[in-house]
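Novice: next one to model:
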Amino acid sequence: PALAQTADQLVGRWGLAAYFREADAPRVRAAAAAQCGAPYIIGKGPSGGVMLHRPDESRTSEHVVKSSLLGKSYIGPAGEAGGSKDREIVSFDGATLVLRWVDESVASRYGTMVFVKCRR
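Specialist: Numbers count the residues shown, from 1 in each chain. Below you'll find the predicted structure:
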């Protein structure tokens, strides 16, 4: 699957849900789409990144899209790709974004996050 290459591809209104077991992924994609009535807003950051929540923080902060030498893409604070505060972009097709937390303790609390682009 294609991966997000720019922050602009992520800006918008998204339905959001999460899963802990891979078997739940298809059901959770539908649940995420149903959340567009109260969407998660990914805004443009002041330095060209995107505004997202970090684990256990109520305020958003700027994150950037970055790639590792191994070809994986991540979203996280500025710095080296694949850091403990990053989310790996598992898949992105323009309409559905799947993110997995790099830090296992965060992943165990928040699960694999599924964002489905809201139509309006």
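Novice: pLDDT score for the spatially most central residue of the chain?
Specialist: By C-alpha atoms, centre = their mean, the chain has its centre lying nearest to residue 99, at 4.4 Å. Residue 99 carries a pLDDT value of 96.
Novice: check the one 5 residues further on too.
Specialist: Note on residue 104: pLDDT of 96.
Novice: contacting residues around it?
Specialist: Residue 104 makes no contacts at all, as judged by C-beta atoms under 8 Å, 6 or more residues apart in numbering. Glycine gets a C-beta too; all of them are placed from N, C-alpha and C.
Novice: which parts of stretch 61-74 are buried?
Specialist: Buried residues in stretch 61-74, counted by 16 or more other C-beta atoms under 10 Å: 62, 63, 64, 65, 66, 72, 73, 74.
Novice: likewise for stretch 23-39?
Specialist: Across stretch 23-39, burial judged by 16+ other C-beta under 10 Å covers 24, 28, 29, 31, 32, 33, 35, 36, 39.
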